[in-house]
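Provide a 3D model corresponding to the input given below.
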Amino acid sequence: MSANAEIRFGLERLHLFPYYQTREAYKKATGLDPAPFNANRPPKYWFDPAAKDAPRRTVVYDNVISYAANGAPLLGTDGKPVFDVLVLSKDEAGAVNIPPKGIGVANVPGSDVQEVPPPLRGLNDDEELFIPFPGVVAVRIKGTLEADRGFTEEDRAILEAIARKLGV
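Alright, predicted model coming up:
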């Protein structure tokens, strides 16, 4: 079984680099002010500290979740989310692009586009990606959970029988 004690968990455990939800979280963790948000680039909440010293102009990350333009995770023929490759310039890989958030900050131009997905470690042999809720990608230990088939007619019949028994 995986080193993780849980049988299902969020993608954040696969992140190769810290993920900063806000500009303030970035400053608190790094002690540095993030660069001003660039509305001409997609939001990016992580950075690779080794990227700026990379020998090439681009950095390649082998495992990122592939998303459609509308933000929905793309699925493979098996119905599971798929990994894709991410290629960034070393300057972009080594920097965040976090839009301002908080009270009095709304509708920041450029913040409503699909963010740059964070690079992830590869899955262990006993792990797989799945979608517990529409649009949400998570990880589970293989063989521990039945595939989610949604609400079935059998489920409905059981609930109706329970409701009749309870008189509701």
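
what's the helix or strand for residue 91?
Following DSSP states H and E, the helix or strand that holds residue 91 is helix 90-93.

on contacts alone, who are the packing partners of that helix?
If contacts are counted by 3 or more CB pairs under 8 Å, 6 or more residues apart in numbering; DSSP states H and E, helix 90-93 sits against strand 58-65. Any C-beta I mention is one placed from the backbone N, CA and C, and that applies to glycine too.

any idea of the mean pLDDT in the strand it packs on?
The predicted model assigns strand 58-65 a mean pLDDT of 96.

which neighbours does that strand have in its sheet, and in what orientation?
Here strand 58-65 is paired, per DSSP bridges, with strand 83-89 (antiparallel).

Go ahead and name everything in contact with the strand it pairs with.
When contacts are defined by CB atoms under 8 Å, 6 or more residues apart in numbering, strand 83-89 is touched by residues 51, 57-66, 74, 116-117, 119-120.

ok, back up a step: can you give me how far the helix holding residue 91 is from the chain middle?
20 Å (CA atoms, centre = their mean, to the nearest Å).

Mind listing residues that contact that helix?
If you take CB under 8 Å, 6+ apart as the criterion, helix 90-93 is touched by 41, 44, 47-48, 51-52, 54, 56-59, 61, 116.

again, only this time at 6 Å
48, 51-52, 54, 59 (CB atoms under 6 Å, 6 or more residues apart in numbering).

Filter those residues down to just the ones in strands.
Members of the contacts of helix 90-93 lying in strands (criterion: DSSP state E): residue 59.

Most widely separated two among the contacts of helix 90-93?
Using CB to CB, these span at most 9.6 Å, a distance reached by 52 and 59.

neighbour count winner among these two?
Neighbour tally, residue 52 and residue 59, criterion other CB atoms under 10 Å: the higher count belongs to residue 59, 20 against 13.

Tell me what the more buried one is bridged to.
On the basis of DSSP bridges, residue 59 is bridged to residue 88.

ok so, going back, could you identify the pair within the contacts of strand 83-89 that is furthest apart?
57 and 74 (27.4 Å).
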